[in-house]
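> need a structure here:
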Amino acid sequence: MNHFAAIRTFVSAAELKSFSAASKALNIETSTVSRHVADLEADLRIALFNRSTRGLTLTEAGRLFYSHAAQLLLQWEEARSLTSALNARPAGLLRLSVPSAFGRLHVMPLVDEFLRLHPEISLDITFNDDMQDLIESRIDLSIRIGTLPDSTMHARRLAPQRRFAWASPAWIAANPEPDLVNGKQDLQILMFSRLHGDGWYARRTDSDEGWSRVPVNYRFSANDSEALLYACRSGGGIAILPDWLVWQDARAGRLQRVLPAWEFSMYRAETAVWIVYPRKKIVSSKVRSFIDFIVEKTGSPAWWQNPQN
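This is a model prediction of the structure:
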């Protein structure tokens, strides 16, 4: 038995004092009204109506049940109205998970503006470079960088990510240009993480060929992009750095491209900056509002990929 439907039918019949009038009000068959009431009486094990040729009247039990059932329907309508309004108007706590470096550089500068635009939203931002279970962690929205193995999530590409080899002008002046074709390089290489093995993937920017593994020697690795940026800027060697991280240093001349004909990756696949959120039939307005906001602010192409910025 659908208890909610039965209760709604009972309340309508009690107020209209007629099964046929209740059927018209609810747009259901009279037989359905009769069945709902009979099921409810069977479930409660007591009669709710006195039935006669004069119509319906409530029994003592029926009057008691009606007082509670009518209040229950009012509370349901109020809850439904409030919840619908919440989705129509962005409000509530929005929990974000962002990569540490990207979050500091490209999310935090936008927080004040977003909160001014949406005064009824509160933000809780977690800085985390690991893949998270969004549902278990109660995260509404995540920004992830790289590839997306998790197909159970909704994903929207915020921007492509391109990685190139960079070094400081002083390092470039003091060292010969590396040669990727002839195997391992005896150079000062800065690796993002030892978890990615002992090499990079590379492909020529002017070719349709796929990614090829390029083995390298390295003496320093770190799992933090900003640490690699600092080491590279300080003359520590060559680092593969993403465009969203290096753009300021590149335009200021603090870093220069090495092997400019080549593009690099940690994976044998295209990588990007993604907006990821759990699959739901209805996406809340607070989540939609942040997605729309960050997409607009990032632009297409992303503003850090625009030479005029």
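
> so what's Leu190 up against?
Residues near Leu190 by C-beta atoms under 8 Å, 6 or more residues apart in numbering: 218, 220-222, 228, 231-232, 236-239. Just so you know, the C-beta spots here come from the backbone N, C-alpha and C atoms, and that holds for glycine as well.

> Need the phi and psi values for it.
With angles defined as degrees, to the nearest 10, Leu190 sits at phi -110, psi 110.

> show me what contacts Arg138?
Contacts of Arg138 by C-beta under 8 Å, 6+ apart are Arg95.

> just to revisit the earlier point, by neighbours, which of the contacts of Leu190 wins?
Most neighbours among the contacts of Leu190, by other C-beta atoms under 10 Å: Ala239, with 32 neighbours.

> does that one sit in a helix, a strand or a coil?
At Ala239, secondary structure determined by DSSP: H, G, I helix; E, B strand; the rest coil is strand.

> just checking, Phe10 touches Glu41?
No - counting by C-beta atoms under 8 Å, Phe10 stays clear of Glu41, with 9.0 Å between them.

> mind listing which of the contacts of Leu190 are in helices?
228, 231-232 (DSSP state H).

> pLDDT and distance to Leu148 added to the residues you listed, as TSV?
Formatted as TSV, the ones in helices among the contacts of Leu190 follow (pLDDT from 0 to 100; distance: C-beta to C-beta, whole Å):
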residue	pLDDT	distance to Leu148
Leu228	92	23
Ala231	94	29
Cys232	95	27
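
> Make a markdown table from these and add distance to Lys24 to it.
Below are the ones in helices among the contacts of Leu190 laid out as a markdown table (distance: C-beta to C-beta, whole Å):
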| residue | distance to Lys24 |
| --- | --- |
| Leu228 | 72 |
| Ala231 | 77 |
| Cys232 | 76 |
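
> and which of those residues is nearest to Ile294?
Leu228 (24.8 Å; C-beta to C-beta).

> Identify the residue nearest that closest one in space, chain neighbours excluded?
Ala239 (4.8 Å; C-beta to C-beta, 6 or more residues apart in numbering).

> What residues are bridge-paired with the one you found?
Trp166, Leu190 (DSSP bridges).

> Could I get the pLDDT score of Gly103?
Gly103 is assigned 95 on the pLDDT scale.

> With the one 3 residues further on instead?
The predicted local distance difference test score for His106 is 95.

> Which of the three states applies to it?
helix.

> do the same with Asp206
Per three-state DSSP, Asp206 ends up coil.

> show me what contacts the nearest residue to it once chain neighbours are set aside?
With C-beta to C-beta, 6+ apart as the criterion, Asp206 has its nearest non-adjacent residue at 6.7 Å, and that residue is Ala261. Taking C-beta under 8 Å, 6+ apart, we find Ala261 in contact with 204-206.

> ok, Ala261 to Glu177 distance?
11 Å (C-beta to C-beta, to the nearest Å).

> Phe19 and Ala13 touch, don't they?
Yes - counting by C-beta under 8 Å, Phe19 touches Ala13, with 5.7 Å between them.

> out of these two, which sits in the more crowded spot?
Ala13 (27 against 21).

> Skipping adjacent residues, who's closest to Trp247 in space?
Trp304 (4.4 Å).

> Quick check: that neighbour vs Gly210, distance?
Distance, Trp304 to Gly210, by C-beta to C-beta: 26 Å.

> And these two? Which one has more around it.
Using other C-beta under 10 Å, the more surrounded residue of Trp304 and Gly210 is Trp304, with 20 against 9.

> Next, the contact list for the more buried one, please.
By C-beta under 8 Å, 6+ apart, the neighbours of Trp304 are 106, 243-244, 247.

> try 10 Å this time
Neighbour list for Trp304: 105-106, 159, 242-248, 250-251, 298 [criterion: C-beta atoms under 10 Å, 6 or more residues apart in numbering].

> Phi and psi next, for the residue of the chain positioned farthest from its centre.
Of all residues in the chain, Thr53 has its C-alpha farthest from the mean position, at 61.0 Å, by C-alpha atoms, centre = their mean. Backbone torsions of Thr53, given as degrees, to the nearest 10, read phi -70, psi -20.

> repeat for Leu255
phi -130, psi 150.

> likewise Leu123?
Dihedral angles for Leu123 - degrees, to the nearest 10 - are phi -110, psi 140.
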